[in-house]
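Chemist: Just a sequence and a predicted model for now, questions to come.
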Amino acid sequence: MKKEYVMGNSAIAIGALCSGVKMVAGYPGTPSTEIIETIFHVPHEGVHLEWSVNEKAAMEVCASASYAGFRSLVTMKQVGLNVASDPLLSLAYVGVKGGMVIVVADDPGPISSQTEQDTRRFAQFARIPVFDPASPEQAFEMVQDAFALSEKYHTPVILRPTTRVCHGYATIEFDESYAPKDAEGFIKDSSRWVIFPKLSARNHELIEKRNAVLAAEFSTYRFNTVWGSANHGHRAVFASGISFSYAREYLNEHQDVTLVQVGTAFPFPQDFAKKILEDCEEVLCLEELSPLVEEALLQTAGRYQLKVRIRGKLTGDVPHAGELSVNLCAKILDSFFGTEHRQEVPFVSDDVPPLPVRPPVLCSGCPHRGAFYAVKVAMRKKKAYYCGDIGCYTLGNAQPLDMVDTCLCMGAGITMSQGLCHVDSEAVSFAFIGDSTFFASGITGIVNAIYNEANIIVCILDNATTAMTGHQPHPGTGFNLMGRYVDKLSIEKVLEGLGVQKIVLADPANLKASVAAVKECAKLKGVKAIIFRSPCVSIVKSVDKCVITDKCKDCGICIKQLGCPAVITRKDRTVIDESLCVGCSLCAQICPYKAIEKVKHE
Amino acid sequence: MNRNILVCGVGGQGTVLCSRLIASAFMAEGEQVHSAETIGMAQRGGSVTSHIRVGAGAFSPLIPDGRGDLILAFEPAEAVRNLNYLKPDGIVIVNSQPVKPVTESLRKTGYDGTQMLSFLQEHYHKTYVVDSHEVCRQFGSLKFFNIIILGVACGLGVLGVGKDTVVAEIEKIVKEKFVEVNKKAFAAGFLLGEHYVTDR
């Protein structure tokens, strides 16, 4: 047995490998990314591993592998499941043969996501089981339980960790001699694998019957348990996910509290909950995101006409939005138990000096800055709309660039620019999209634009990687997770094939040429594309840097126009921080006094 | 043992290696450890924190407010930003050198860290200030500050793990060709901690 101190996501990855997983696919997204990255870095002989082009593709690749009897793992962040919901909802009806676990990482806060959606709701909606770990250790155990359950009941199963579980570290112990489980392969049976209304109606009935069986089985599941005192003053606390860990710290000082973990929010272990509710006058429910367990408790109390008051989000005791914490849970619990809240006031006095804010910004020398700035210069005094997308380049919204007017979801920039162009023909509508996002969900938007005669300029910010999530490869990079060098998918050829008439390549580090390219495209009707191509500064080592010469008049134009972190003021003089500068020379190109020179790093 | 240590700074300062060494040193001494790292959008140029929790009663990966024993701050404002985690009589070891926010040039706030240091010294009598520029000079790079500050904490006797344990972990975790210089950096920090006299 090997003992290792790992991140929650790595614990999930290793748990899946120990379960004999054969097929692993996903799309990068915080906080789920490190699951696949871990599998890539640890021994995984015989496993097919891929970054799929998007979450829907990942789900489908894994579904058929599980049809063939092999175990499969799909990973994504919560909004990724919106993309993969189409296959998921149908797959729930068809079912699987080999175990299939879908890890969907939720992000209460939200810390790095668009929404505070609750994947447990998705499980309930799709009528498939969901496991909700309270710690990295539990995530490691639960992923293995999930595989076994999936295979036993022929259904895909969701494991739903949240950010604090994904990015928390703990020690796990495992047998290193894992290997993919063998299977007999795909056995043709159209009555089973081809979804038709008849099959759906029949299976719908079976699924609901199975869920009742599952609910009973979950009533004795090892992570649906009672902690602390058996029954404290006819009150109990239910908690799900990380909230359970927060509440457990409360137990350290309040051993008389009855704390109940619900590790499987759906199908809800009703028998288990009923036994506790029967002895209670009042219960409190601690959970993040949505009041799912709380509603299940209300339902249980209603069904059995139990005289118990259920408190939680719906009664205003627990906040709907944002994360919970040890302190917040302690406050809520003190109020629930009517004990005086011993506020451990941290000694922070009122005269705390104003703290500098550190908002995320585009890196110094980031090629996106050049692309945004070129469009900005070319469109000066013209009416234009800038539809952004998901990735590092969302940061183009920050001052002084201020070049993102809309941002909704993956790939939406291309289609939203079309909506604006159809309602305002006087403005020039732009879409900005990164290379990975283009492959993930930009292509169909281009097809839509061409077919429906939109007049838009699509700026593809091709930095040769999936930068925001930590530089994952994608179809345009020529490398895949099987460790193979493959043909790079050419963005320009894709565009050409789709029928884009005007495709221009531009180097975002060359301002003059980039501005000319934008102006040229702005004159034309139809769908135009500018590929701003320059690699992410984090994946190439720069040999250049810029220096400011004595011609500098400290006019500050470079700073006010570009907002590059490397150009700073020191003792009222404009200087370039050599440790940050990568020599993109954008500042040199806009300096009215030609006071910035590009030199080689020593 | 129950111990909560927070390591904070600005993305790129090397806080992750520092926290990793602390966590593994405690484990080498047989303690149960949980920790958490900031990951995602905040990594570059943003505030970063690592929470290290030692002991069997720690279930939350983040340190609860007011329970931190020690803050290792790689930047003055980041120390102040994370004070909510610290016990009223907690210890702060802080780098005196500020990292100006990347937006400082656009919105001049005049931030230079001195206000933060005097606030810390005024309100936390166990504040130890370390000048990274001075202590890193002999190593030719600010990159070694993450090991030096660890040495200072150990030398002051406030880290909670033994010197030899940390050195052994450096040998295990750090890339081979950097082991010697990191050990020297740790020793330099340790010496500084041992002889630290508050200038207040």
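Modeler: Perfect, I can see it now.
Chemist: Over to the residue lying farthest from the centre of chain B: give its phi and psi.
Modeler: Centroid-distance maximum for chain B: B:Leu106 at 29.1 Å, with C-alpha atoms, centre = their mean. When read as degrees, to the nearest 10, the backbone of B:Leu106 gives phi -80, psi -40.
Chemist: What about the nearest residue to it once chain neighbours are set aside, how many residues nearby?
Modeler: Distances taken as C-beta to C-beta, 6 or more residues apart in numbering or on different chains place A:Gly563 nearest to B:Leu106, at 5.9 Å, with adjacent residues excluded. Where C-beta positions appear, they are placed from N, C-alpha and C, glycine not excepted. For A:Gly563, the tally of surrounding residues (other C-beta atoms under 10 Å in any protein chain shown) stands at 22.
Chemist: Touching, A:Gly563 and A:Gln399? I think so.
Modeler: Yes: counting by C-beta atoms under 8 Å, A:Gly563 does reach A:Gln399; the two are 6.6 Å apart.
Chemist: intersection of neighbour lists for those two?
Modeler: Contact criterion C-beta atoms under 8 Å, 6 or more residues apart in numbering or on different chains; residues shared by A:Gly563 and A:Gln399: B:Leu106.
Chemist: Chain B contacts on the stretch 401-550 of chain A?
Modeler: For the stretch 401-550 of chain A, the residues in contact with chain B (C-beta under 8 Å from any C-beta of the partner chain) are A:Met468.
Chemist: In the stretch 151-300 of chain A, which residue sits closest to chain B?
Modeler: A:Gly168 (3.3 Å; C-beta to the nearest C-beta).
Chemist: mind checking how far that residue is from A:Ala57?
Modeler: Per C-beta to C-beta, to the nearest Å, A:Gly168 is found 29 Å from A:Ala57.
Chemist: How about the contacts made by residue 108?
Modeler: I'll assume chain A. So A:Pro108 contacts A:116, A:162-163, A:288-289, A:322-324 (C-beta under 8 Å, 6+ apart).
Chemist: You answered for a different chain; I wanted chain B.
Modeler: B:Lys108 neighbours (C-beta under 8 Å, 6+ apart): A:Thr569.
Chemist: for A:Met76, same thing?
Modeler: Contacts of A:Met76 by C-beta under 8 Å, 6+ apart are A:26-27, A:29, A:32, A:55, A:58, A:83-84, A:102-105.
Chemist: For the strand or helix carrying it, the averaged confidence score.
Modeler: Element membership for A:Met76, per DSSP states H and E: strand A:72-77. On average, the pLDDT along strand A:72-77 is 98.
Chemist: Stretch A:373-388 vs chain B: in contact?
Modeler: No: Stretch A:373-388 stays clear of chain B (C-beta under 8 Å from any C-beta), getting no nearer than 14.8 Å.
Chemist: What are the buried residues along the helix or strand encompassing A:Leu328?
Modeler: Element membership for A:Leu328 (DSSP H and E) is helix A:326-337. Buried residues in helix A:326-337, counted by 16 or more other C-beta atoms under 10 Å in any protein chain shown: A:326-330, A:332-334, A:336-337.
Chemist: repeat for stretch A:115-126
Modeler: A:116-124, A:126.
Chemist: which stretches of chain B form strands?
Modeler: B:3-10, B:33-37, B:47-54, B:68-73, B:86-95, B:127-130 (DSSP state E).
Chemist: Could I get the buried residue list for the fifth one?
Modeler: Pointing back at strand B:86-95 there. Those would be B:86-87, B:90-95, for strand B:86-95 by 16+ other C-beta under 10 Å.
Chemist: Burial check on A:Glu249, number of neighbours?
Modeler: Neighbours of A:Glu249 (other C-beta under 10 Å): 20.
Chemist: B:Ile91 bridge partners, please.
Modeler: On the basis of DSSP bridges, B:Ile91 is bridged to B:Leu70.
Chemist: Surely it and B:Leu70 touch.
Modeler: Yes: assessed by C-beta under 8 Å, B:Ile91 is found in contact with B:Leu70 at 4.8 Å.
Chemist: who touches both of those two?
Modeler: With C-beta under 8 Å, 6+ apart as the test, B:Ile91 and B:Leu70 both reach B:Val158.
Chemist: So, low pLDDT: which residues of chain A?
Modeler: By pLDDT under 70, the weakly predicted segments of chain A are A:231-232, A:343-349, A:602.
Chemist: when you compare where the helix or strand harbouring A:Ser64 runs with where strand A:72-77 runs, what's the angle?
Modeler: Using DSSP H and E, A:Ser64 maps to helix A:55-67. Angle, helix A:55-67 to strand A:72-77, by axes from the mean of the first three to the mean of the last three C-alpha atoms, to 10 degrees: 160 degrees.
Chemist: Run the chain-centre distance for helix A:55-67.
Modeler: Chain-centre distance of helix A:55-67: 19 Å, with C-alpha atoms, centre = their mean, to the nearest Å.
Chemist: And for stretch A:192-207?
Modeler: 31 Å.
Chemist: So what touches it?
Modeler: Residues contacting stretch A:192-207 (C-beta under 8 Å, 6+ apart): A:67, A:90, A:92-95, A:127, A:155, A:191.
Chemist: Looking at these, which are in helices?
Modeler: A:67, A:90, A:92-94, A:191 (DSSP state H).
Chemist: Now list the buried members of the residues you listed.
Modeler: By neighbour count, with 16+ other C-beta under 10 Å, the ones in helices among the contacts of stretch A:192-207 hold A:67, A:92-94 as buried.
Chemist: of the residues you listed, closest to chain B?
Modeler: Using C-beta to the nearest C-beta, these come closest to chain B at A:Ala92, 30.6 Å.
Chemist: in the longest helix along chain A, what counts as buried?
Modeler: In chain A, assigned by DSSP H, the helix with the most residues is helix A:197-218. Applying a neighbour-count criterion of 16+ other C-beta under 10 Å, the buried positions in helix A:197-218 are A:199, A:203, A:207, A:210-211, A:214-215, A:217-218.
Chemist: Mind checking what helix or strand follows it in sequence?
Modeler: That would be, after helix A:197-218 and using DSSP H and E, strand A:224-228.
Chemist: So which elements touch that following strand?
Modeler: Contacts defined by 3 or more C-beta pairs under 8 Å, 6 or more residues apart in numbering or on different chains; DSSP states H and E place strand A:224-228 against helix A:242-253, strand A:258-262.
Chemist: right, is the first one up against chain B?
Modeler: Yes: taking C-beta under 8 Å from any C-beta as the criterion, helix A:242-253 and chain B are in contact, through A:242, A:245-246, A:248-249, A:252.
Chemist: Could you list the residues in contact with that helix?
Modeler: Under C-beta under 8 Å, 6+ apart, the answer for helix A:242-253 is A:134-135, A:162, A:164-165, A:227-228, A:237, A:239, A:257, A:259, A:261, A:286-288, A:324-326, A:328-330, A:333, B:57-61, B:64.
Chemist: From the residues you listed, keep the buried residues only.
Modeler: Applying 16+ other C-beta under 10 Å to these flags A:134-135, A:162, A:164-165, A:227-228, A:237, A:239, A:257, A:259, A:261, A:286-288, A:324-326, A:328-330, A:333, B:58-61, B:64 as buried.
Chemist: With distance to A:Ala13 and pLDDT as added columns, please give the buried residues of strand B:86-95 in a markdown table.
Modeler: A markdown table is the format used below for the buried residues of strand B:86-95 (distance: C-beta to C-beta, whole Å; pLDDT from 0 to 100):
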| residue | distance to A:Ala13 | pLDDT |
| --- | --- | --- |
| B:Leu86 | 34 | 94 |
| B:Lys87 | 36 | 93 |
| B:Gly90 | 36 | 94 |
| B:Ile91 | 36 | 96 |
| B:Val92 | 37 | 97 |
| B:Ile93 | 35 | 97 |
| B:Val94 | 37 | 97 |
| B:Asn95 | 35 | 96 |
